[in-house]
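J.: using only what follows, build the 3D model:
(one chain, ligands or ions: 1)
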Amino acid sequence: MRIVILGAPGSGKGTQAKMLVGHLGVPHISTGVLLRNAAKRGTELGLLAKSIIDQGELVPDNIMSDMIEERLGRDDIANGFILDGYPRNVAQAKSLDAMLERLGRPAQEIIHINVDPEQIIRRLAKRQELEGRVDDAEKTVRNRMRIYAEQTAPVEDYYEESGRLTRVLGDGPKEEILQRILSVLNIHATLD
Ligand code: ADP
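T.: Here you go, the predicted structure:
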């Protein structure tokens, strides 16, 4: 199954994507993880990405589409994937659609995890205490949320207009949220 998970920073999309791997047996592709790994390796691209990420800005579209194209070109996505962190603006959404179309593997489910902004600020403050991510500092979180509202929320509309988006409430224990997502996937798989 080919799934795209959308949601604001701190909405829990990474957590849910990881839990879904155990149920669906397809790889989790997280652009945040790919970028942070490149930064750890100290590649030129990684270091550039780090300076952008630490300010809460978006890495340029051409870098992201090259990265995603390379990742989606690998054999391990034959049975599907769970994509987390891409697309983050409408240009990326169109580029992803075109890429998946070329591969003959269009996205089957686009799930949006919905969490209210106040809760997100509380969650990311806690994550910063635990993990120390530079981009979880309060000022940077506000910038990421502003960019989400300006650039990523229109991606929800883009998919919604074509009837492909399902919204799931991201509030409550993570196992419960996982069950909500799994029931969406089951219901749609049965309808197909
Ligand atoms: P979160 O969803 O909590 O913001 P991620 O780990 O998904 O965390 O992303 C961290 C950062 O990586 C983003 O704030 C952004 O700077 C960069 N990034 C990840 N995916 C993309 C993308 N598709 N386009 C541009 N930048 C991206």
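
J.: worst mean pLDDT across the helices and strands of this structure, which element?
T.: None of the helices or strands of the chain scores lower by mean pLDDT, DSSP states H and E than helix 174-191, at a mean of 88.

J.: any chance you could map the helices in the chain?
T.: In the chain, the segments counted as helices under DSSP state H are 13-24, 31-41, 44-53, 61-72, 90-103, 117-131, 138-147, 153-161, 174-191.

J.: how far is the fourth one from where the chain is centred?
T.: With CA atoms, centre = their mean, to the nearest Å as the basis, helix 61-72 stands 14 Å off its chain's centre.

J.: what do you get for the third one?
T.: Helix 44-53 sits 19 Å away from the centroid of its parent chain (CA atoms, centre = their mean).

J.: got a list of contacts for that helix?
T.: The contact list for helix 44-53 (CB atoms under 8 Å, 6 or more residues apart in numbering) reads Gly32, Leu35, Arg36, Asn37, Ala38, Ala39, Lys40, Leu58, Val59, Ile63, Val134, Asp135. For the C-beta atoms, the positions are set from N, CA and C on the backbone; glycine is no exception.

J.: buried ones in it?
T.: Buried residues in helix 44-53, defined by neighbour count with 16 or more other CB atoms under 10 Å: Gly46, Leu48, Ala49, Lys50, Ile53.

J.: just the closest of those residues to Arg144, please.
T.: Checking the buried residues of helix 44-53 against Arg144 with CB to CB, the nearest one is Ile53 at 9.5 Å.

J.: CA-only coordinates of stretch 107-115 in PDB, if you can.
T.: Extracted as PDB, the C-alpha positions of stretch 107-115 are listed here (Å, rounded to 0.1, in the frame of the first residue of the first chain):
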ATOM      1  CA  ALA A 107      -0.400   7.200  -4.000                       C
ATOM      2  CA  GLN A 108      -3.400   5.200  -2.700                       C
ATOM      3  CA  GLU A 109      -4.100   6.900   0.600                       C
ATOM      4  CA  ILE A 110      -3.400  10.400   1.800                       C
ATOM      5  CA  ILE A 111      -3.900  10.800   5.500                       C
ATOM      6  CA  HIS A 112      -3.900  14.100   7.300                       C
ATOM      7  CA  ILE A 113      -3.300  13.900  11.100                       C
ATOM      8  CA  ASN A 114      -5.100  16.800  12.700                       C
ATOM      9  CA  VAL A 115      -3.800  18.300  16.000                       C
END
